[in-house]
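Visitor: okay, structure incoming, though there's no sequence with it:
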DNA sequence: TAGCAATTGTCTCACGTTGTCATATCGCGA
DNA sequence: TCGCGATATGACAACGTGAGACAATTGCTA
């Protein structure tokens, strides 16, 4: 790749004038500017980032540590949102897939330090508490929050998600929902249980006994579920549920099958609603799954915006999700 | 962040000696080395990549252009494979989500030029032909190949995938498979059709009339399918199929539902096999989907390896997939 | 013609690192 | 004591860019 010196030679002008053109100094004659710009376009010159970083002492690099995220399709939108903002703001986002506590994490840290990253976004695969110490570089936590409130965090508003969805459920006339929740060591499960109970209570219903923990473990890409044990008894008695609310779309998919085996067709005999809006599952299920979309894309955008602009004080941003209607409800 | 000069000052030694320690030059006294290393550890110093790039005229950066890939969960493994190799080899991979022909692509090119990327991996969302002109930077094509054979390419061996899967099918005793193929403008569809026909022929069966095009369009994350029109007539007559081979797992999921509506239970009345091994769908389907895994992770690794090592001549690497057995067959 | 503004050029420095070359120190044999 | 090689350390330049200080040149106006 050529340098400004080379361009100056070809334009029969000085290094300084080329520098002026590139840095939009107005003190350049229109003709000269055009001539130089033509040469730049012709040879496809781009100023060396390395040299610019050196000179300006600014890296324009934002690190994105994806803790297991990139293996989980549900949260690619976190990455997309962040990257879109980085692009709009002329920053370079460096993505690392890491596992906390392993060599991959240490390596990512070294690399980001070596590049003098201006901020680091740490993204978790699901809404959880983490313990990230303070370092020289400002951190923004994405889909997680710090144990000791040391860093700004962006999380989904799980209470609102459940609250709003529950309102929709009762407004549509469903009377006996059951909530197959995530395991209780997941932050979202408590928030959603509260939202579920509160929204029902506000409409005069008590659903506090209609919550079940349906996830056994989250290891690997596919959660182990307890739906097979939970559902049949629920549909054995008299007052059977008219809606199954699932903690995540993958569980809902499983529930479709379980209900089918009980002779119940979703959309006709029983309604199903869920959380995530995870393509392509939600569209491929028949009928399509009505679900609360987690605002991953916007969370990614918010995280990158805060990472670039910096923050005066530590804050926790809770982003709302929206109801995506299909035909399972 | 401090510099080597700062370290030299604190260690009461020269800049060069610090540099020697950092670059593992053996010509340093053990005591001096220990003293300097202690200071480095204490202040958490990392050499500036920007300065190293300048000095060495090597960026150690490999670009990864993901054309729609990162939105498609199926091909995250391409990215993971590439990144793992980059990490092992001490290179920095820069990922860009682009759409060919848009500003995002132009932007990615500028950025990679600015960073003086040593090679660029261009990854497509599905196996296809592309038209990538020669530039100064060597390209490796991933999941696609160049129209005019100008760049090394890594693609899945779709012929082998279909051939091997078809062999398994007949070895298990299935006699009347139908193949619901992808649309014919997708490269894989032809290769797989050939593999399907050839493998069957080698075992004495003629399946050339058992292939149907089941994908209407691939726009968006969820393909539009024609399975609803194709399947019922097939199961109306006497000699009904005993196995449905699907062009992709998402189609297989749809087929599970369609077959269910025809009163057929997969794994009991009818077998299903497919291509992709796309989690979490394959595991969540009941019974689990037996499918040919596309070698995305290995393809990503191969692409990065070739990108780093360079190549003497343009080649096309076809990587084999493997059969993942579950219970749909 | 002097004066002024606009334009271009020269020169210098700094950013952090590392290769080249030169220097300093030491032990040891002549 | 001198010289030698081996070991250890240091001085300096250069990578490409951008900025400041300031001079030189041109064209135009008063």
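Guide: Thanks, I have it. Small disclaimer: the values here were computed from a predicted structure and weren't measured. Numbers count the residues shown, from 1 in each chain, chains lettered A, B, ... in the order given.
Visitor: would you mind measuring from the residue of the stretch 201-329 of chain A found nearest DNA strand C to residue B:97?
Guide: Nearest residue of the stretch 201-329 of chain A to DNA strand C, counting by C-beta to the nearest atom of the strand: residue A:310, 20.6 Å away. Every C-beta, even on glycine, is put in place using the N, C-alpha and C of the backbone. The spacing between residue A:310 and residue B:97, counted by C-beta to C-beta, to the nearest Å, is 25 Å.
Visitor: and those two? Which one has more around it.
Guide: residue B:97 (20 against 11; other C-beta atoms under 10 Å in any protein chain shown).
Visitor: tell me the SS of the more buried one?
Guide: strand (DSSP: H, G, I helix; E, B strand; the rest coil).
Visitor: is it true that it touches residue B:104?
Guide: Yes. Under the criterion of C-beta atoms under 8 Å, residue B:97 makes contact with residue B:104 at 7.0 Å.
Visitor: so residue A:80 sits right up against residue A:297, yeah?
Guide: Yes. Residue A:80 is in contact with residue A:297 according to C-beta under 8 Å; the separation is 6.1 Å.
Visitor: flag every buried residue along the host helix or strand of residue A:16.
Guide: Element membership of residue A:16, judged by DSSP states H and E, is helix A:15-22. Residues of helix A:15-22 classed as buried: A:17, A:18, A:20, A:21, A:22 (neighbour count, 16 or more other C-beta atoms under 10 Å in any protein chain shown).
Visitor: same question for stretch A:106-113.
Guide: Neighbour-count burial for stretch A:106-113 [16+ other C-beta under 10 Å]: A:108, A:109, A:111, A:112, A:113.
Visitor: from residue B:167, how far off is the nearest residue to the last one once chain neighbours are set aside?
Guide: Across the structure, with C-beta to C-beta, 6 or more residues apart in numbering or on different chains as the measure, the residue nearest residue A:113 apart from its sequence neighbours is residue B:46 (4.1 Å). In this structure, residue B:46 and residue B:167 are separated by 53 Å, where distance is defined by C-beta to C-beta.
Visitor: and what of residue A:18?
Guide: 64 Å.
Visitor: run a quick neighbour tally on the residue of the stretch 151-300 of chain A found nearest DNA strand C.
Guide: As assessed by C-beta to the nearest atom of the strand, DNA strand C sits closest to residue A:151 within the stretch 151-300 of chain A, at 26.0 Å. Per other C-beta under 10 Å, the neighbour tally for residue A:151 reads 22.
Visitor: wait, it sits on residue A:137?
Guide: No. Using C-beta under 8 Å, residue A:151 is not in contact with residue A:137; the gap is 10.7 Å.
Visitor: circling back: and the buried residues of stretch A:106-113 as a markdown table, adding pLDDT and secondary structure?
Guide: What follows is these, written out as a markdown table (pLDDT from 0 to 100; DSSP: H, G, I helix; E, B strand; the rest coil):
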| residue | pLDDT | secondary structure |
| --- | --- | --- |
| A:108 | 94 | helix |
| A:109 | 94 | helix |
| A:111 | 95 | helix |
| A:112 | 96 | helix |
| A:113 | 96 | helix |
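Visitor: closest to chain B out of those residues?
Guide: Ranked by distance to chain B (C-beta to the nearest C-beta), these are led by residue A:113 at 4.1 Å.
Visitor: list the contacts of the closest one.
Guide: A:137, B:1, B:44, B:46 (C-beta atoms under 8 Å, 6 or more residues apart in numbering or on different chains).
Visitor: no further questions, thank you.
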